[in-house]
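K.L.:
What shape does this take:
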Amino acid sequence: MNDIEFLYLNQADVLATGIDMSMAMDAVEDAFKLHQQGLTKLPYKTVLDLGEKERGRCNAMPAYVGGDYDVFGIKWIAGFPKNPIRHGLPRGTGLFILNDSWKGIPLAIMDCTLLSALRTGAVTGVGAKYMARPDSESLALIGAGVQARTQLEALKIAIPDLKEARAFDIRIETAESFAVEMSKKFSMKVKAVNSAEEAVRGADIVVTVTVADEPIVKQAWMKQGSFFSAVGSYQEEEFAVVKNSDKVVVDSLQHVLHRETPVIALMIKRGMIKQEDIIELSDIITGSAEGRTGPEERIFFSPIGMAIEDICVSNKAYLLAVEKGIGTKLRLFGKE
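P.N.:
The predicted structure is shown next:
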């Protein structure tokens, strides 16, 4: 029996492929289109919870994507919030396994810490493309870690005229270093602020990327016509923020309901909003539902994160690596 050879890509290899946010946004949009066409298989995410306050959790996210991708795989990603302070390690670390969908054999195993951050930013970017006001100028970022960086990067692609970002973090030094770094990178005004309210009031776009277990963003601060992307703990806003939005959009309603803890799932369970009023982004992208219909419309977007997005982004990185001869070839059985 022949051995099986696959490609191993560490984080430096992934960077060397040249995959960037524009590519990631294209891949994510592909994922939504193929999902709407019924060309994906997407089991529920499995969460191994070791306690957010003590340690953290790890998610197993398998999926298949058809069409031009025609691959399957799984993301195994850990989120341990205290890593940066306790161990000098990233909050999130993970591996992605990409498989041939006809033989079942592994094509690649790769670091997905960078790719996961890219993908998460890309989802907000794609959402903003369809749901934010094109003339949006100001952004509020609640949380100023790694995810905030890719959120801003994607939003600058989706909304090129974005002029100002206000970042709030419970560690002011984190927000300040973020502001300095991002101001230089994007040649725009990025400033650290001392409160979530200071960041949110008057903002055209609001993004939350924290691990908060209680509401941070208040309804009273929200601007008419704004776009809110909630991509952190899914519990970072008052129920009233969702209730007073003109549209409530998710990536997959069934996956949000299965998770149970996101604000939208809690509000549906309590009868505060109706399940039939929730829109899926794939329907907006493919024209089955309307996105933004006017400048005064307020839209709340809460993506749970779908493995099909990771499949498409990781597959692009893999193909670039093959094309450029990047990575280490390994044998599964170890035969010479």
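K.L.:
What strand or helix carries the residue nearest the centre of the chain?
P.N.:
What sits nearest the mean C-alpha location of the chain, by CA atoms, centre = their mean, is T120, with 1.8 Å. When secondary structure is defined by DSSP states H and E, T120 falls within helix 113-131.
K.L.:
Tell me the first helix or strand C-terminal of that helix.
P.N.:
Per DSSP H and E, helix 113-131 leads on to strand 138-142 as the next helix or strand towards the C-terminus.
K.L.:
Now that following strand: average pLDDT?
P.N.:
Strand 138-142 shows a mean pLDDT of 97 in the predicted model.
K.L.:
Show me what it is packed up against.
P.N.:
Here strand 138-142 is seen to pack against helix 146-158, strand 164-168, helix 196-200, strand 205-208 when contacts are counted using 3 or more CB pairs under 8 Å, 6 or more residues apart in numbering; DSSP states H and E. For glycine as for every other residue, the C-beta is placed from the backbone atoms N, C-alpha and C.
K.L.:
Highest mean neighbour count out of the ones you listed?
P.N.:
Each of the helices and strands packed on strand 138-142 was scored by mean neighbour count; the highest is strand 205-208, a mean of 28, by mean count of other CB atoms under 10 Å.
K.L.:
List the strands paired with that one, with their directions.
P.N.:
strand 138-142 (parallel), strand 227-230 (parallel) (DSSP bridges).
K.L.:
Can you give the contact residues for that strand?
P.N.:
124, 128, 132, 136, 138-143, 148, 151, 155, 159, 162, 200, 216-217, 222, 226-232, 236-237 (CB atoms under 8 Å, 6 or more residues apart in numbering).
K.L.:
how many other residues sit next to E296?
P.N.:
9 (other CB atoms under 10 Å).
K.L.:
Any chance of a markdown table for the helices and strands packed on strand 138-142, columns mean pLDDT?
P.N.:
Shown next, in a markdown table, are those (pLDDT from 0 to 100):
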| stretch | mean pLDDT |
| --- | --- |
| helix 146-158 | 95 |
| strand 164-168 | 96 |
| helix 196-200 | 96 |
| strand 205-208 | 96 |
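K.L.:
Just put these in a markdown table and tack on distance to N244.
P.N.:
Rendered in a markdown table, the data for those read as follows (distance: least, CB to CB, whole Å):
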| stretch | distance to N244 |
| --- | --- |
| helix 146-158 | 23 |
| strand 164-168 | 21 |
| helix 196-200 | 14 |
| strand 205-208 | 13 |
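K.L.:
how about R298, what does it touch?
P.N.:
M222, K223, Q224, G225, S226, F227, F228, N244, S245, D246, K247.
K.L.:
and if you look at I273?
P.N.:
With contact taken as CB under 8 Å, 6+ apart, I273 is in contact with V242, K243, V248, I264, M267.
K.L.:
so where do the helices sit in the stretch 1-150 of the chain?
P.N.:
With DSSP state H, counting those that start in this stretch, the ranges of helices along the stretch 1-150 of the chain come out as 11-16, 21-36, 83-86, 113-131, 146-158.
K.L.:
Poorly predicted segments of this protein, please.
P.N.:
Counting by pLDDT under 70, the chain has low-confidence residues at 212, 233-234, 336.
K.L.:
Of the strands paired with strand 205-208, which is nearest M110?
P.N.:
Between M110 and the strands paired with strand 205-208, the tightest spacing by CB to CB is seen for strand 227-230, at 26.3 Å.
K.L.:
Extract the C-alpha trace of the closest one and format it as PDB.
P.N.:
Taking Å, rounded to 0.1, in the frame of the first residue of the first chain, the C-alpha atoms of strand 227-230 are listed here in PDB:
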ATOM      1  CA  PHE A 227     -24.300  48.700  11.400                       C
ATOM      2  CA  PHE A 228     -23.500  46.500  14.400                       C
ATOM      3  CA  SER A 229     -21.400  43.400  14.100                       C
ATOM      4  CA  ALA A 230     -21.300  41.300  17.300                       C
END
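K.L.:
out of the helices of the stretch 1-150 of the chain, deepest packed?
P.N.:
Sorting the helices of the stretch 1-150 of the chain by mean neighbours (by mean count of other CB under 10 Å), the first place falls to helix 113-131, with a mean of 26.
K.L.:
Now do the contacts for G327.
P.N.:
When the contact criterion is CB under 8 Å, 6+ apart, the partners of G327 are L7, Y8, L9, D13, A108, M110, A321.
K.L.:
Find the pair from the contacts of R298 with maximum spatial separation.
P.N.:
Considering CB to CB, no two members of these lie farther apart than K223 and K247, which are separated by 15.3 Å.
K.L.:
Please say which of the two ends up with more neighbours.
P.N.:
Using other CB under 10 Å, the more surrounded residue of K223 and K247 is K247, with 20 against 17.
K.L.:
Count the neighbours of the nearest residue to that one once chain neighbours are set aside for me.
P.N.:
Sequence neighbours aside, I299 is the residue nearest to K247 in space, at 4.6 Å (criterion: CB to CB, 6 or more residues apart in numbering). By other CB under 10 Å, the residues close to I299 number 25.
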